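> I'll drop the sequence and a predicted model, then ask my questions.
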Amino acid sequence: MSTKYAQFIKALRKERGLSQLELAKKLGMSRPSYIAVEQGKRELTLSEAENLSAILGVSLKEMESGISANYEKYKQMILAYLRNAGSKKDGKITKTKLAKLLYLADFAWFYNHLKSMSGMQYRKILYGPVPDSYFRAVDELFEDGKIEITPTEDGAMLISQTRNGAKTILSEINKEEEKLIKDISGEWRDGKTKEIVAFTHNQLPYVICSDNEIIPYELITQEDPEHVY
């Protein structure tokens with residue numbers, strides 16, 4: 001097992017708030033055996049890998065590669081939105097609204113092309129739908145100096161692009177994808193966070209799925225065209 005693979009599993013476990021013992025129990029193995037997996041010293045059986053992918057909400061292919069779908073493209077989508085959807089006054093956008101805009105881009109792209117823009121898997125949570133890796137992507141962009149995060153008095157987090165982020169070439173995003181992001185940005189530029197939350201939560205994919213369930217992209221194809229974004 002590669003170190004990258006093991007580190008990916010460890011990072012996902014922490015993102016989901018699971019201890020090594022809790023995940024070991026879910027997999028039906030001892031804690032030492034699971035620790036060996038995270039250290040890259042023990043290979044998973046096929047059934048264990050399938051169970052782990054279901055628990056962590058990622059595909060076997062993503063676990064094998066050590067990265068969630070097109071993770072770098074997803075981070076570029078974040079930067080693309082910050083260039084187009086931020087406040088006209090200061091370019092800032094709430095962390096929650098940004099997550100919803102990313103969801104709309106992925107599912108709207110699937111609606112028209114039968115594949116998502118990033119390939120990320122979105123989970124239904126209280127403030128979802130959102131990929132488990134969203135928070136890690138935001139943290140990494142902050143650590144790389146590409147975005148700024150400013151807390152507000154009411155507890156919200158405002159995100160804006162730095163000069164370093166503005167210089168980043170969005171090589172993973174093609175012109176048609178960029179246009180969709182701009183169209184969604186224009187549609188929601190003046191929309192409040194609570195409004196876009198209500199919109200996404202009333203969409204068929206979110207309504208149908210159970211709490212904490214991965215939302216199938218195919219559900220968006222049954223949505224009214226006017227309610228895709």
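The structure has been received and is ready for your questions. Numbering: from 1, shown residues only.
> which SSE is residue 104 in?
helix 95-113 (DSSP states H and E).
> after that helix comes which helix or strand?
Sequence order places strand 122-123 as the next helix or strand after helix 95-113, per DSSP H and E.
> so where do the strands sit in this structure?
Using DSSP state E, the strands assigned to the chain run over residues 93-94, 122-123, 130-131, 147-151, 157-161.
> so what does the second one touch, helix or strand wise?
I take that to be strand 122-123. helix 95-113, strand 130-131 (3 or more CB pairs under 8 Å, 6 or more residues apart in numbering; DSSP states H and E). Heads up, the C-betas are built off the backbone N, CA and C, glycines and all.
> please work out how many residues are found near residue 29.
19 (other CB atoms under 10 Å).
> reformat the strands of the chain into a markdown table and put mean pLDDT and mean neighbour count next to each item.
A markdown table is the format used below for these (pLDDT from 0 to 100; neighbours: other CB atoms under 10 Å):
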| stretch | mean pLDDT | mean neighbour count |
| --- | --- | --- |
| strand 93-94 | 94 | 22 |
| strand 122-123 | 90 | 24 |
| strand 130-131 | 90 | 23 |
| strand 147-151 | 95 | 15 |
| strand 157-161 | 95 | 19 |
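> just the pLDDT for residue 124.
With respect to pLDDT, residue 124 has a value of 93.
> kindly report the same for the one 3 residues further on.
Looking at residue 127, its pLDDT is 82.
> leaving out the residues flanking it, which one is nearest to the residue nearest in space to the middle of the chain?
Against the mean C-alpha coordinate of the chain, by CA atoms, centre = their mean, the closest residue is residue 131 at 2.9 Å. In space, and not counting its chain neighbours, residue 131 is closest to residue 120: 4.0 Å by CB to CB, 6 or more residues apart in numbering.
> now the protein, which segments are flagged as low pLDDT?
The chain contains residues with pLDDT under 70 at 1-4, 61-62, 64-69, 86-89.
> okay, now the domains of it?
If you go by automatic domain parsing, the domain ranges for the chain are 3-65, 71-227.
> tell me how many other residues crowd the closest residue to residue 166 other than its chain neighbours.
Nearest non-adjacent residue to residue 166, counting by CB to CB, 6+ apart: residue 83, 7.1 Å away. As a burial measure, residue 83 scores 18 neighbours (other CB under 10 Å).
> hang on, residue 83 packs against residue 168?
No: counting by CB atoms under 8 Å, residue 168 is not a contact partner of residue 83; they are 9.8 Å apart.
> any common contacting residues for these two?
Common contacts of residue 83 and residue 168 (CB atoms under 8 Å, 6 or more residues apart in numbering): none found.
> where exactly do the helices run in the protein?
For the chain, the helices defined by DSSP state H cover 3-15, 20-27, 31-38, 46-56, 60-65, 71-84, 95-113, 134-143, 163-166, 175-188, 193-201, 204-208.
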